[in-house]
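A.B. asks: fold the following for me, if possible:
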Amino acid sequence: MSRRTGPALTASPVLVGAVTVLVTIVAVFLSYNATSGLPFVPTYDLKANLPNAQQLVKGFEVRIGGARVGLISKIDPRRRADGTTYAQITMKLDKSIEPLPAGSKLRVRPRSALGLKYVELAPGAEGGQTLPAGTTIGTQDVRPTVELDEVFNMFSGKARVGQRNSLDGYGGGLAGRGQDLNTAIEAFVPLLTDLDPVMRNLSSPDTKLGRFFKALADASSEVAPVAEDQASLFVNLDASFTALAGIARPFLQETITESPITEQVGIEQFPQQHAFLVNQTALFRELRPGIATLPHSAPILADAFEAGTKVLPKTKQMNRDLADVFDSLAEFSDDMLARDGIDMLTRLSASLRPTLKFLVPAQTTCNYATLWFRNAASLLSDGDKNGTWQRFMVVAAPTLRSSNVFGPNNEGFPSSGLANGPQVENHTHVNPYPNTAAPGQTKECEAGNERYARGQTVAGNVPGSQGTRTSGQSGPSVAEAGP
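C.D. replies: Sure thing, here's the model as predicted:
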């Protein structure tokens with residue numbers, strides 16, 4: 001006895017079509033919602049604040065170490081209290097990585113050259129706090145990323161021209177130098193061998209090389225405001241060096257070549273010039289009094305120079321005549337007799353130095369020579385109706401009315417000793433070698449300045465200082481020097 005069987009399910013076209021339509025609808029639904037995650041699958045949701053969305057699109061992947069662990073389900077713009085904006089993304093992550101350690105970092109990285117991106121998560125250190133679901137990662141934990149378009153934007157028109165010129169220059173410089181390049185590469189091997197420990201030291205955290213670049217960035221930020229001034233500096237330097245290029249050879253070249261030799265000569269000769277510099281210092285120290293008079297004498301000298309500009313053009317003939325005179329003097333100086341005479345004069349001046357040391361102060365300090373000529377002229381010219389003083393004036397020692405004698409050893413008659421009284425006026429005053437500010441003497445102009453000390457016999461220098469002022473010198477009232 002056979003069993004009756006019903007018709008197969010596939011025998012009904014309506015049922016097969018309905019199943020096909022249902023499967024297609026489910027596939028389309030799942031495909032459409034694939035960017036938001038599969039339905040009914042639990043996820044570990046986190047949010048992150050980005051400076052900008054950086055061309056992210058809803059549904060882009062989130063990866064850890066290159067492995068997909070989730071996707072971006074939402075991108076929202078946000079505004080801060082100060083008016084600035086940022087983007088907040090919501091990430092649906094696999095439950096298997098929950099929870100992530102606190103301090104986890106993220107950054108947006110390119111997935112391809114066509115603009116696709118993904119978010120790369122870098123979990124923090126284990127063993128500390130964690131990030132519960134719904135936590136927002138702040139912008140301080142978002143690492144900066146250099147976009148491909150930013151790299152391409154560096155190649156502006158000027159940069160491309162500069163690179164083309166650089167390649168052109170490198171091409172001309174490297175052409176035909178293959179053997180030299182091979183030699184250089186071979187020589188680089190020891191350099192790279194020695195460079196290995198250097199690079200290890202630089203990469204060590206103890207070196208803190210990152211601080212160097214941060215400081216370099218700070219320095220660049222300080223330089224940025226004066227970038228235009230620095231650019232102008234290089235433009236001006238270009239003009240300067242262009243001008244120097246015209247005299248580089250042979251002038252600058254010879255200067256650089258001769259400079260070490262010149263400096264060596266200076267090192268050897270400058271110590272020998274010490275005595276000259278000391279004497280020059282003393283000379284200028286002695287010139288200070290004369291320089292101090294320049295405010296008064298400068299107008300007078302200016303008038304003299306002005307007069308000289310009118311007179312000197314008229315001295316051309318005299319200068320031509322003087323040429324013959326100087327030629328004759330040159331011939332005379334070559335004469336051996338003249339040289340012998342000069343040698344004798346030199347010895348004479350050397351022998352006169354001690355005498356001049358005593359005579360010069362008598363004039364420079366006491367003005368005695370001028371006074372002598374003045375008094376001599378007055379003696380021969382001044383007088384009255386009877387004639388000049390030299391002809392009739394008699395200078396005699398005073399005498400007593402009664403005995404016609406002033407006292408013992410009176411200076412009016414021959415005596416055997418000094419007049420020493422008894423009268424007040426009968427006292428000798430004689431000083432055959434008065435002080436005239438000469439070397440070894442008291443600095444005073446004693447001759448002609450002595451006062452008569454009544455009742456005292458004075459032989460030699462008068463007690464006390466008589467000062468250095470004499471008649472004819474500027475200053476307060478002074479005693480006039482006698483004839």
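
A.B. asks: quick one: name whatever helix or strand follows the helix or strand containing residue 17.
C.D. replies: Residue 17 is part of helix 13-32 when elements are defined by DSSP states H and E. Once helix 13-32 ends, the next helix or strand along the chain (criterion: DSSP H and E) is strand 44-50.

A.B. asks: just checking: what are the partner strands of that next one?
C.D. replies: Each strand paired with strand 44-50, and its direction, by DSSP bridges: strand 85-93 (antiparallel), strand 136-137 (parallel).

A.B. asks: mark out where each domain of the protein begins and ends.
C.D. replies: 42-152, 309-357 (automatic domain parsing).

A.B. asks: and the strands paired with strand 44-50 as TSV, adding mean pLDDT and mean neighbour count?
C.D. replies: Glycine gets a C-beta too; all of them are placed from N, C-alpha and C. As requested, these are exported to TSV (pLDDT from 0 to 100; neighbours: other Cβ atoms under 10 Å):
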stretch	mean pLDDT	mean neighbour count
strand 85-93	87	18
strand 136-137	84	18
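
A.B. asks: right, so of the ones you listed, which gets closest to residue 368?
C.D. replies: strand 85-93 (103.5 Å; Cβ to Cβ).

A.B. asks: figure out how far the closest one is from the centre of its chain.
C.D. replies: Computed by Cα atoms, centre = their mean, to the nearest Å, the chain-centroid distance of strand 85-93 equals 56 Å.

A.B. asks: swap in stretch 360-368?
C.D. replies: Averaged over its C-alpha atoms, stretch 360-368 has a centre that lies 52 Å from its chain's centre (Cα atoms, centre = their mean).

A.B. asks: endpoints of it, how far apart?
C.D. replies: 10 Å (Cα to Cα, to the nearest Å).

A.B. asks: if you count neighbours, what's buried in that stretch?
C.D. replies: Residues 361-362, 365-368 are the ones in stretch 360-368 that count as buried (16 or more other Cβ atoms under 10 Å).

A.B. asks: which one of the strands paired with strand 44-50 lies closest to residue 231?
C.D. replies: Taking Cβ to Cβ, strand 85-93 is the member of these nearest to residue 231, at 34.3 Å.

A.B. asks: what does that closest one rub up against?
C.D. replies: 36-37, 43-53, 56, 62, 69-80, 119, 136, 139 (Cβ atoms under 8 Å, 6 or more residues apart in numbering).

A.B. asks: before we move on, which element is the residue sitting nearest the centre point of the chain in?
C.D. replies: By Cα atoms, centre = their mean, the chain has its centre lying nearest to residue 233, at 17.7 Å. Per DSSP H and E, residue 233 falls inside helix 227-245.

A.B. asks: leaving out sequence neighbours, find the closest residue to residue 44.
C.D. replies: residue 98 (3.9 Å; Cβ to Cβ, 6 or more residues apart in numbering).

A.B. asks: can you report how many residues lie near that neighbour?
C.D. replies: Applying other Cβ atoms under 10 Å, we find 16 residues neighbouring residue 98.

A.B. asks: just residue 442 next, same as before
C.D. replies: 13.

A.B. asks: closest to residue 21 among the buried residues of stretch 360-368?
C.D. replies: The closest of these, once distances to residue 21 are taken by Cβ to Cβ, is residue 365, at 139.4 Å.

A.B. asks: residue 154 versus that closest one, what's the distance?
C.D. replies: 87 Å (Cβ to Cβ, to the nearest Å).

A.B. asks: what of residue 443?
C.D. replies: 88 Å.

A.B. asks: which of these two has more residues huddled nearby?
C.D. replies: residue 443 (13 against 8).

A.B. asks: mind checking pLDDT for that one?
C.D. replies: Looking at residue 443, its pLDDT stands at 87.

A.B. asks: give me the element it is part of.
C.D. replies: Using DSSP H and E, residue 443 falls within no helix or strand.

A.B. asks: so where do the helices sit in the stretch 151-300 of the chain?
C.D. replies: 157-174, 178-203, 209-223, 227-245, 253-269, 274-292, 294-311 (DSSP state H, counting those that start in this stretch).

A.B. asks: of the ones you listed, which is nearest residue 409?
C.D. replies: helix 274-292 (49.4 Å).

A.B. asks: gap between that closest one and the chain center?
C.D. replies: Worked out by Cα atoms, centre = their mean, helix 274-292 lies 30 Å from the chain centre.

A.B. asks: report the rounded mean pLDDT for it.
C.D. replies: Here the average pLDDT along helix 274-292 is 90.

A.B. asks: any idea of the angle that helix forms with helix 294-311?
C.D. replies: Here the directions of helix 274-292 and helix 294-311 differ by 90 degrees (axes from the mean of the first three to the mean of the last three Cα atoms, to 10 degrees).

A.B. asks: dump helix 274-292 to CSV, keeping only the CA atoms.
C.D. replies: C-alpha atoms of helix 274-292 as CSV (Å, rounded to 0.1, in the frame of the first residue of the first chain):
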residue,chain,number,x,y,z
HIS,A,274,103.7,100.3,23.3
ALA,A,275,106.4,102.9,23.9
PHE,A,276,105.1,105.0,21.1
LEU,A,277,101.6,104.8,22.4
VAL,A,278,102.7,105.8,25.9
ASN,A,279,104.6,108.8,24.5
GLN,A,280,101.6,109.7,22.4
THR,A,281,99.4,109.6,25.4
ALA,A,282,101.8,111.9,27.3
LEU,A,283,101.8,114.2,24.2
PHE,A,284,98.1,114.6,24.2
ARG,A,285,98.1,115.0,28.0
GLU,A,286,100.5,118.0,27.5
LEU,A,287,98.3,119.3,24.6
ARG,A,288,95.3,119.6,26.9
PRO,A,289,96.1,123.2,28.0
GLY,A,290,96.4,124.3,24.4
ILE,A,291,93.3,122.5,23.4
ALA,A,292,91.5,124.2,26.3
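
A.B. asks: can you give me the buried ones in that helix?
C.D. replies: Of the residues in helix 274-292, none is buried (16+ other Cβ under 10 Å).

A.B. asks: what do you get for stretch 17-25?
C.D. replies: Under 16+ other Cβ under 10 Å, stretch 17-25 has no buried positions.

A.B. asks: which of the strands paired with strand 44-50 sits closest to residue 320?
C.D. replies: Here strand 85-93 is closest among the strands paired with strand 44-50 (Cβ to Cβ), at 95.6 Å.

A.B. asks: list the contacts of residue 201.
C.D. replies: Contacts of residue 201 (Cβ under 8 Å, 6+ apart): residue 207.

A.B. asks: against residue 211, how distant is it?
C.D. replies: Counting by Cβ to Cβ - residue 201 and residue 211 are separated by 15 Å.

A.B. asks: in helices, which of the buried residues of stretch 360-368 fall?
C.D. replies: 361-362, 368 (DSSP state H).

A.B. asks: out of these, which comes closest to residue 436?
C.D. replies: residue 362 (4.3 Å).

A.B. asks: is it true that the closest one touches residue 435?
C.D. replies: No. Look at residue 362 against residue 435 with Cβ atoms under 8 Å: they stay out of range, at 10.2 Å.
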